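>>> Got a predicted model here, sequence first, then my questions.
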There are 2 protein chains.
Amino acid sequence: MSQEMFQKERTLKMRERLIGQSCRLFFPQDPVKIVRARGQYLYDENGTQYLDCISNVHHVGHCHPLVTQAASAQMELLNANARFLHDNIVHYAERLAATLPKKLCIFYFVNSGSEANDLALRLARQYTRNEDVIVLDHAYHGHLTSLIDISPYKFRKLEGQKEWVHVAPLPDTYRGLYRRDHPNPGQAYADTVKDLIDEAQRKGRKISSFFVESLPSVGGQVILPSGYFPKVAEYVRAAGGVFVADEVQTGFGRVGSHFWAFQLQGEDFCPDIVTMGKPMGNGHPLSCVVTTEEIAGAFTANGVEYFNTFGGNPVSCAIGLAVLDVMEKEDLRGNAVRVGNHLKELLKQLQAKHPIIGDVRGVGLFVGMLSQHICLSTDGPWNSVIKFKPPMCFSLEDAERVSAEISHKKRNGIQQRFVKVITVLLYFYRI
Amino acid sequence: MSQEMFQKERTLKMRERLIGQSCRLFFPQDPVKIVRARGQYLYDENGTQYLDCISNVHHVGHCHPLVTQAASAQMELLNANARFLHDNIVHYAERLAATLPKKLCIFYFVNSGSEANDLALRLARQYTRNEDVIVLDHAYHGHLTSLIDISPYKFRKLEGQKEWVHVAPLPDTYRGLYRRDHPNPGQAYADTVKDLIDEAQRKGRKISSFFVESLPSVGGQVILPSGYFPKVAEYVRAAGGVFVADEVQTGFGRVGSHFWAFQLQGEDFCPDIVTMGKPMGNGHPLSCVVTTEEIAGAFTANGVEYFNTFGGNPVSCAIGLAVLDVMEKEDLRGNAVRVGNHLKELLKQLQAKHPIIGDVRGVGLFVGMLSQHICLSTDGPWNSVIKFKPPMCFSLEDAERVSAEISHKKRNGIQQRFVKVITVLLYFYRI
């Protein structure tokens, strides 16, 4: 396969003509054409290398040879649908089960985080027989009709809030209602959910689920206060609902110390449903919902088949298995801890010099960084948060380079208009 | 990759323990474990060969080497998301555009037919600013919350019909309201849609779209009467709605004479939105929505990004391109015409001998056929329709074999309890 078929200008014109403009490009003023990638590096059509701090999907590194080999070998052999009995799907489910609390043991394989979250919504509603959903402010759970309804980040810009959706405050102890000086922000934020439940029940509404990212990402890479999830789960279950942890962005060891980000809320805490996606297939469309026997049982009991044409096919599962193998073989969770700690240390040094950096966390220089061949993106309610979520093979040297570039940009006062406020979550390690 | 990791009994036990039981197996009394496939043949763990009349997804044949090679080559090079500029997505869109009426020129790439239909719903609603949807009785458009709502085949067994959904009679001239003796069944069935629109409007409701499979499949592999689509489109557009053709099962040359099944309704007929999926990636999760500039423009104008993590990535598009190449290189549309005509002829000979066969179309011996190592499935409102939708490389000899087996089963009177009624659509050719 040649690396380039059309000249960049022509690609751009074809893209403008043929692809829906709602599908936006990175760096729209000067889009980058990437033709090759390996590990944490991207290469454009001229061979220029970019350090990739964006691609959390390419979890074990772009184009990892073991993943490619596993995919090719299985593609040569069989890729039938999951209505035929096959070893890969059950082997993969068993490997995933080993990373999860025992209670979470029934798997549904699908193609995207959005499909997973929609299925989670169906499971919660079927099990509880309730309709309403509580979500966090600024949350984003996917692009489907049902998920826009539970994503304040989207529905505020579109058709507005449905009567069955209830929005709880984002438990952000840096900018939110209760901050780090509060004696127990976890309890205080959990109580805001309790208040919402009470209010909904007074109106005769019934809660099916509390839907939450284990680390709210579009909400600003927020690390939740200790004790929040267990307390919320208690309130939600008492109201007849279930707790859904959306691990689409946060799962698969990105937090280093644990395989799942919800585990940061305590070894004893267990959601009722967990959804997973992005990093799962290292770029291949592969996602999953896991739940308890009781919830799966209620879904089976409705007597209606759930068939997902591509979900859990042998190739997708072979890829998923290879990703797990590489993570173990290359100790990528250990790397996340080591490199994350180092990067945090470097950014803390920058923070000491620059008052505009609030909390380690940030400085918005999306475009500025691009010009130094480092791809970073911003997010959060004020677009003030640098999302730092590179492939997991990111190295100590890469961390030094990013820190040095941020420092350099700061010294030169360039891109000040992008410097808003500041909470970079160094998303890939335990804070 | 070894072909078998666990013994069949263990695989089955793990499947029962780990995978949601709503995800059903083919032939649940005696599930088949398939470990290898090539072309139109499946092989179980003992090397037994099965003729595959089920896998419409594996369009150019299971594990086609050119598709595998294209996937592997691109996986080695790059699989970044579609926010980066890349040639494959625009090249693929251009190749697809060449198969479609000129008006259908803006593409959105997604991962599954369900994602495509959900996006079509969003596009239709954004463009028309209306909410209501008209669908055909017994229709199935996908497993997502929004699509169960527009799928009578599912919602009748689940939460029931929403007030914004209107169900038109299935235009089945073999079993429906108007039959082949009617002077103009296309017009008569279109008038039932007009009546629905009038009734909805009297209640103050506004139509966003008419959603229809170009050949209703779950509805019983129905071939629509001539003139039906153009007339319905006229009525729907006059009511402010758009016409959505769901080609997820029917597209990509399966009908032989045309690339898209909606083209059977006349060269001049053009839907406003077309969704595609299953055969598109030969098993790889790849789907698409195509629409007009006006509809895409309205979606862009809402100012909200549409981002699909895996949709339109370079590997998916490389696979899509390879599928198109194989179809041309091996003249699979020509094969569909030739083999389809032959099979139709053979089954017509059977029909002449067996009054239980209504219209060429069918005889329900799902399990019986399996015992002869031929995989067939049944569908339709009475489960009386054999779905005949093999990979497109199905040969004249395969057709003879299927016909002979059906004949043999009939002679022996075996499996009479599966013989209900009869409308096999020989789905892959122009009737």
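All right, it came through fine.
>>> pLDDT-wise, which helix or strand of chain A ranks last?
helix A:366-371 (a mean of 41; mean pLDDT, DSSP states H and E).
>>> The helix or strand following that helix - contacts with which helices or strands?
Sequence order places strand A:374-375 as the next helix or strand after helix A:366-371, per DSSP states H and E. Judged by 3 or more C-beta pairs under 8 Å, 6 or more residues apart in numbering or on different chains; DSSP states H and E, the packing partners of strand A:374-375 are strand A:49-52, helix A:396-412. C-beta here means a position set from N, CA and C on the backbone, and glycine is covered the same way.
>>> send the alpha carbons of the last one over as CSV?
What that stands for is helix A:396-412. C-alpha atoms of helix A:396-412 as CSV (Å, rounded to 0.1, in the frame of the first residue of the first chain):
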residue,chain,number,x,y,z
LEU,A,396,10.2,9.3,30.0
GLU,A,397,11.9,11.2,27.2
ASP,A,398,8.6,12.0,25.6
ALA,A,399,7.4,13.4,28.9
GLU,A,400,10.5,15.6,29.1
ARG,A,401,10.0,16.9,25.6
VAL,A,402,6.3,17.8,26.2
SER,A,403,7.2,19.6,29.5
ALA,A,404,10.1,21.5,27.8
GLU,A,405,7.9,22.6,25.0
ILE,A,406,5.2,23.8,27.3
SER,A,407,7.8,25.7,29.3
HIS,A,408,9.3,27.2,26.1
LYS,A,409,5.9,28.3,24.9
LYS,A,410,5.2,29.9,28.3
ARG,A,411,8.5,31.8,28.3
ASN,A,412,7.8,33.2,24.9
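>>> Going along the chain, name the strands of chain A.
With strands called from DSSP state E, chain A shows them at A:34-38, A:41-44, A:49-52, A:106-110, A:132-136, A:165-168, A:207-213, A:242-246, A:273-276, A:287-291, A:374-375, A:377-379, A:385-387.
>>> Redo those strands as a markdown table? Include mean pLDDT.
Shown next, in a markdown table, are the strands of chain A (pLDDT from 0 to 100):
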| stretch | mean pLDDT |
| --- | --- |
| strand A:34-38 | 96 |
| strand A:41-44 | 94 |
| strand A:49-52 | 89 |
| strand A:106-110 | 98 |
| strand A:132-136 | 98 |
| strand A:165-168 | 98 |
| strand A:207-213 | 98 |
| strand A:242-246 | 98 |
| strand A:273-276 | 98 |
| strand A:287-291 | 98 |
| strand A:374-375 | 76 |
| strand A:377-379 | 72 |
| strand A:385-387 | 68 |
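>>> Mean neighbour count for those strands - can I get that in CSV?
As requested, the strands of chain A are exported to CSV (neighbours: other C-beta atoms under 10 Å in any protein chain shown):
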stretch, mean neighbour count
strand A:34-38, 22
strand A:41-44, 20
strand A:49-52, 20
strand A:106-110, 27
strand A:132-136, 24
strand A:165-168, 20
strand A:207-213, 27
strand A:242-246, 28
strand A:273-276, 28
strand A:287-291, 29
strand A:374-375, 20
strand A:377-379, 20
strand A:385-387, 27
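>>> how about those in JSON lines, adding distance to A:H59?
Below are these laid out as JSON lines (distance: least, C-beta to C-beta, whole Å):
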{"stretch": "strand A:34-38", "distance to A:H59": "13"}
{"stretch": "strand A:41-44", "distance to A:H59": "15"}
{"stretch": "strand A:49-52", "distance to A:H59": "12"}
{"stretch": "strand A:106-110", "distance to A:H59": "17"}
{"stretch": "strand A:132-136", "distance to A:H59": "24"}
{"stretch": "strand A:165-168", "distance to A:H59": "30"}
{"stretch": "strand A:207-213", "distance to A:H59": "17"}
{"stretch": "strand A:242-246", "distance to A:H59": "17"}
{"stretch": "strand A:273-276", "distance to A:H59": "11"}
{"stretch": "strand A:287-291", "distance to A:H59": "13"}
{"stretch": "strand A:374-375", "distance to A:H59": "16"}
{"stretch": "strand A:377-379", "distance to A:H59": "17"}
{"stretch": "strand A:385-387", "distance to A:H59": "15"}
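>>> Minimum distance to B:E76: which of those has it?
strand A:34-38 (9.2 Å; C-beta to C-beta).
>>> quick one: low-confidence ranges for the stretch 201-350 of chain A?
Scanning the stretch 201-350 of chain A for pLDDT under 70 picks out no residues.
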